[in-house]
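**Student:** Using only what follows, build the 3D model:
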Amino acid sequence: MGEEAFRVEGRVIEALPNGTFLAELSNGHRLTAFLAGREKKHFAGTIKSGDAVKLQLTPYDLSVGRILIETKKI
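**Tutor:** Numbers count the residues shown, from 1 in each chain. This next block holds a predicted model:
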């Protein structure tokens, strides 16, 4: 994801297999989110349903986002 990517906040709805998550944005849009790189080691077991997270999306595919960091529990 390059310079075109943008960041949004969302909430984890459900943990899916293979380190992926179902997330929902404040406007109701649902997408598949994943952990990448360093975050995969640190946050893989700590992200649960209901957690607020920051996501990085690309305008080319709004159905998939990368979880940048975990922000807080809801």
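
**Student:** Please make it C-alpha for all contacts and neighbour counts, starting now.
**Tutor:** Fine.

**Student:** list the contacts for residue 31?
**Tutor:** 22, 23, 24, 62, 63, 64, 65 (CA atoms under 8 Å, 6 or more residues apart in numbering).

**Student:** how many neighbours does the spatially closest residue to it that is not a sequence neighbour have?
**Tutor:** Nearest residue to residue 31, sequence neighbours excluded (CA to CA, 6 or more residues apart in numbering): residue 63, at 4.8 Å. Residues near residue 63, counting by other CA atoms under 10 Å, number 13.

**Student:** quick one: residue 63 and residue 32 touch, right?
**Tutor:** Yes - using CA atoms under 8 Å, residue 63 is in contact with residue 32, at 6.2 Å.

**Student:** State the phi and psi torsions of residue 18.
**Tutor:** phi 70, psi 30 (degrees, to the nearest 10).

**Student:** circling back to that earlier point, among the contacts of residue 31, name the ones in helices.
**Tutor:** Among the contacts of residue 31, none falls in helices (DSSP state H).

**Student:** Among those residues, which one has the most neighbours?
**Tutor:** When neighbours are taken as other CA under 10 Å, the top entry among the contacts of residue 31 is residue 23 (28 neighbours).
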